[in-house]
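>>> Dropping the sequence and predicted coords here.
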Amino acid sequence: MHDRLIQLNAEYAASIDDDRLEDWPGFFTENCLYRVTTRDNYRRGMPAGLIYADTRDMLADRVLSLRKANVYETQSYRHVIGMPRILPAPSDRGPKVATSFVVMRINRQGHTDIFASGEYLDIIETHGDAMLLRERDVVCDSSRIDTLLALPL
């Protein structure tokens, strides 16, 4: 299972880093949760997120709006992802996994800076050989989130 989780995270990050955003929703179950929040808000149990989607279709709509409607500075990401840790989870929800991440942002001038760091907190669902994200809470270490958060983390 551990190797499959590593591969899931590697492919997930590559879909974003390689600007294959249309592939990104495919890492999630049909009814899913994707939320970007701060560590403080997560600990307080505050459900709102800087980005919030609860279906794969909402994720696809986000990609469509990034491609067609939103105006934001041209940028790309490079993910550095830690090793996944399998955590105790209720048996009816599937495995719970925590994985550290750092995301660098590269702007159109080529400058690279650390954009976000934190932890993915996931609930995983397996479908045959495939592993999908039922829930992904992107819990950012900093409470100061850049307003240029356009691309998914």
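Received the coordinates, thanks. Everything quoted here is computed from the prediction, not taken from an experiment.
>>> Mean confidence (pLDDT) on the biggest helix by length in the chain, please.
Across the chain, the longest stretch assigned as helix under DSSP state H is helix 2-17. Averaged across helix 2-17, the pLDDT comes to 96.
>>> So which bits of that helix are buried?
When neighbours are counted by 16 or more other Cβ atoms under 10 Å, the buried residues of helix 2-17 are found to be Leu5, Leu8, Asn9, Tyr12, Ala13, Ser15, Ile16, Asp17. Bear in mind the C-beta positions are built from the backbone N, C-alpha and C, glycine included.
>>> how close does the nearest residue to the fourth one once chain neighbours are set aside sit to Lys96?
By that I understand Tyr12. Computed as Cβ to Cβ, 6 or more residues apart in numbering, the closest residue to Tyr12 that is not its neighbour in sequence is Phe27, at 5.0 Å. In this view, Phe27 and Lys96 are 17 Å apart by Cβ to Cβ, to the nearest Å.
>>> next one: Glu11
Applying Cβ to Cβ to Glu11 and Lys96 gives a distance of 20 Å.
>>> Are we agreed that Gly110 is in a strand?
No - per DSSP: H, G, I helix; E, B strand; the rest coil, Gly110 lies outside any strand segment and is coil.
>>> what about it, neighbour count?
Neighbouring residues of Gly110 were enumerated by other Cβ atoms under 10 Å; the total is 6.
>>> Same check on Lys96?
Counted with other Cβ under 10 Å, residues neighbouring Lys96 total 17.
>>> Correct me if wrong: it contacts Ile123.
Yes - with contact defined as Cβ atoms under 8 Å, Lys96 reaches Ile123; the gap is 5.7 Å.
>>> re earlier: I figured the residue nearest to Tyr12 hits Glu11, correct?
Yes - applying Cβ under 8 Å as the test, Phe27 and Glu11 come out as touching, 7.3 Å apart.
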